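Colleague: Give me a model of this one.
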Amino acid sequence: MINNEGNTMSINDSPAIASQSPAEPVQMSRRRLLLGSAGAMASVSLLGLSPLAKAAEPKTLPDYVRWKNANDMIVHSANTIETQRGAVGSGVVTASDKLYVRNNLPAPDANIVADRDAWKITFEGVNSPQSLTLGDLKKIGVETVTTVLQCSGNGRAYYEHGPGGTQWGTGAAGCLIWTGVPLREVVAKLGGVKPGMNYITSTGGETLPEGLDPNTIMVERSVPVKALDQALLAWDMNDEPMPLAHGGPLRMVVPGYFGVNNVKYVDRVAFTEGQSDAKIQASGYRIRPIGEKGAPDQPSMWEMSVKSWVTAPLTTASQGKNLIYGVAFGGMNAVSKVEVSADGGETWKKARFLGPDMGRYAWRPFVVSMDLSAGDHRIVSRATDTDGNTQPPTRTENERGYGNTSWKDHGVTVTVS
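Modeller: Presented below is the predicted three-dimensional model:
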């Protein structure tokens, strides 16, 4: 069947998903240094079309993500769980127990992470095609990269035409540390890419229900072959074995690309001449005019653009000096600066970055001190990347509500007293 994102899933909003190992995740000292303090940050619920409206009653986390911090999460469905806007704190890295969840299909049974090194992945479209285990991959090479992971529909709740799908505010995003083998090193080991191959096509290892055309439901995404330079087959997330909920034992990570291209439970990587015929690629996740159906000739949700939003304060503040916090990233480029306005964009003040710079694909927490008078203030932020691209004031209207980077949409109205 088809889910409300316009993509496919076998069991809509089903809580009967494989349970997460109780040992995952365990906090580690390196992460404690990077995560910052989220507890001091204000939080607000982001449900429905009013992104700042507080939910009356929190929903219970499904069993497979019971290890997450329920107070920091918004449960839209069993397969779509959002991070509270104020929960990311001022650290660079998003804690695993605060990271959003977006599954196109229910997670496989937890037995796939019982013996992680035995997981097999098939490589095609190379000069020496073969299957390797995760254990084999670990012997080829290892690299760590910090990237923003963001759902294509992050910011959908702000679209006025009411696109179908999960009404994400800002919480379908996080910044993670991934460790794995660079895909380019695996390809070199397998004799290189065959001539004429234009795409990297990754296939997820979810169990598909019988009686359905696999192309209508399978998670298989193609990205341009130029992504080989940065693509990673990751087995660790935030210095821990990849949680089942986030793609363990092995996930394709394509830095700078929207989350759908970071295929979970990846068991096949093929270099192909054309894009996948799977529905999720051929017509899903396409930027299309309102009212039109998806088609292969429409822009695909591949590379992310520059974006930012405020994380505190969100609803109220005291008169006088206030510290305004937020996060910003450049997508395919590093973010170079962030400006903040407390009057809806009439005047701007440059913010400063917090914490270490963890590379071009990571986000940068920011802060600025502003003197706020009594009354309502519309607080917005806009980021600029190293290529000079600046976050736009308005969104690109499209049927599915994808790729919203509007700084006007992502602002908050704060009452100062």
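Colleague: is Ile324 in a bridge, and if so with what?
Modeller: Val368 (DSSP bridges).
Colleague: residues in contact with it?
Modeller: Counting by Cβ atoms under 8 Å, 6 or more residues apart in numbering, Ile324 makes contact with Val310, Ala312, Pro313, Val340, Ala342, Ala351, Val367, Val368, Ser369, Met370, Ile379. To be clear about C-beta, it is placed using only N, CA and C from the backbone, and glycine gets the same treatment.
Colleague: Just the pLDDT for it.
Modeller: On pLDDT, Ile324 comes in at 98.
Colleague: again, but for Ser43
Modeller: 32.
Colleague: Check Ser336 too.
Modeller: Per-residue pLDDT puts Ser336 at 98.
Colleague: ok now do it, which residues does it touch?
Modeller: Counting by Cβ under 8 Å, 6+ apart, Ser336 has contacts Gly330, Thr384, Asp385, Thr386.
Colleague: out of these, which are buried?
Modeller: The neighbour-count criterion (16 or more other Cβ atoms under 10 Å) marks Gly330, Thr384, Asp385 among the contacts of Ser336 as buried.
Colleague: So which of these are in helices?
Modeller: In helices, defined here by DSSP state H, there are no members of those.
Colleague: ok, so of those, who is nearest Pro106?
Modeller: Closest approach between the buried ones among the contacts of Ser336 and Pro106, by Cβ to Cβ: Gly330, at 33.4 Å.
Colleague: OK, contacts around that closest one?
Modeller: Counted by Cβ under 8 Å, 6+ apart, Gly330 has contacts Val306, Ser336, Arg360, Ala383, Asp385, Thr386, Asn389.
Colleague: Now render those residues as CSV, adding distance to Ser128.
Modeller: Shown next, in CSV, are those (distance: Cβ to Cβ, whole Å):
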residue, distance to Ser128
Val306, 40
Ser336, 42
Arg360, 32
Ala383, 43
Asp385, 38
Thr386, 38
Asn389, 40
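Colleague: And those residues, which is closest to Asn238?
Modeller: Arg360 (19.1 Å).
Colleague: ok, so of the contacts of Ile324, who is nearest Val75?
Modeller: Ala312 (22.5 Å).
Colleague: That closest one - how many residues pack around it?
Modeller: The tally of other residues near Ala312 (other Cβ atoms under 10 Å) stands at 26.
Colleague: Which strand residues bridge it?
Modeller: With DSSP bridges as the rule, Ala312 is bridged to Tyr325.
Colleague: His76 versus that one, what's the distance?
Modeller: Computed as Cβ to Cβ, to the nearest Å, the Ala312 to His76 distance reads 23 Å.
Colleague: where does the stretch 1-150 of the chain dip in pLDDT?
Modeller: Scanning the stretch 1-150 of the chain for pLDDT under 70 picks out the ranges 1-58.
Colleague: which stretches of it form helices?
Modeller: Remark: helices assigned in the stretch 1-150 of the chain by DSSP state H, counting those that start in this stretch are 29-35, 134-138.
Colleague: residues in contact with the last one?
Modeller: Around helix 134-138, the neighbours that count as contacts under Cβ under 8 Å, 6+ apart are 116-121, 180-181, 186, 233, 235, 249-250.
Colleague: which among those residues gets closest to Val225?
Modeller: Val186 (14.1 Å).
Colleague: thinking again about what came up before, tabulate the buried ones among the contacts of Ser336 (JSON lines), appending distance to Arg221 and pLDDT.
Modeller: JSON lines is the format used below for the buried ones among the contacts of Ser336 (distance: Cβ to Cβ, whole Å; pLDDT from 0 to 100):
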{"residue": "Gly330", "distance to Arg221": "22", "pLDDT": "98"}
{"residue": "Thr384", "distance to Arg221": "29", "pLDDT": "98"}
{"residue": "Asp385", "distance to Arg221": "24", "pLDDT": "98"}
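Colleague: average model confidence for stretch 165-173?
Modeller: Stretch 165-173 shows a mean pLDDT of 97 in the predicted model.
Colleague: so which helix or strand takes in Ala188?
Modeller: helix 183-189 (DSSP states H and E).
Colleague: per-domain residue ranges of this protein.
Modeller: Domains of the chain are assigned by automatic domain parsing as 118-148+175-282, 307-416.
Colleague: okay, those domains in CSV with distance to Asp297 next?
Modeller: Converted to CSV, those look like this (distance: least, Cβ to Cβ, whole Å):
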stretch, distance to Asp297
domain 118-148+175-282, 10
domain 307-416, 15
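Colleague: about what we covered before: among the contacts of Gly330, which one lies nearest to Val142?
Modeller: Using Cβ to Cβ, Arg360 comes nearest to Val142 of the contacts of Gly330, at 19.9 Å.
Colleague: which ones are touching the nearest residue to Lys68 once chain neighbours are set aside?
Modeller: Nearest residue to Lys68 in three dimensions, chain neighbours excluded: Asp97, at 4.6 Å (Cβ to Cβ, 6 or more residues apart in numbering). By Cβ under 8 Å, 6+ apart, Asp97 lies in contact with Pro25, Trp67, Lys68, Asn69, Asp72.
Colleague: So which of the residues you listed belong to strands?
Modeller: Secondary structure assignment by DSSP state E places none of the contacts of Asp97 in strands.
Colleague: need these in JSON lines with distance to Leu212, can you?
Modeller: Below are these laid out as JSON lines (distance: Cβ to Cβ, whole Å):
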{"residue": "Pro25", "distance to Leu212": "33"}
{"residue": "Trp67", "distance to Leu212": "31"}
{"residue": "Lys68", "distance to Leu212": "30"}
{"residue": "Asn69", "distance to Leu212": "36"}
{"residue": "Asp72", "distance to Leu212": "35"}
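Colleague: So which of those wins on neighbours?
Modeller: Taking other Cβ under 10 Å as the neighbour criterion, Lys68 ranks highest of the contacts of Asp97 with 25 neighbours.
Colleague: In contact with the residue most central in space within the chain, which residues?
Modeller: Compute the mean C-alpha point of the chain, and by Cα atoms, centre = their mean the closest residue is Gln150, 2.3 Å away. Listed by Cβ under 8 Å, 6+ apart, the contact set of Gln150 reads Ala172, Ala173, Gly174, Phe258, Gly259, Met304.
Colleague: same thing with Thr390?
Modeller: Here Thr390 is in contact with Val306, Arg382, Ala383, Thr384 (Cβ under 8 Å, 6+ apart).
Colleague: Which one of those residues is nearest to Pro299?
Modeller: Looking at those and their distance to Pro299, the nearest is Val306, at 17.0 Å (Cβ to Cβ).
Colleague: Who are the packing partners of the helix holding Ala188?
Modeller: strand 232-237 (3 or more Cβ pairs under 8 Å, 6 or more residues apart in numbering; DSSP states H and E).
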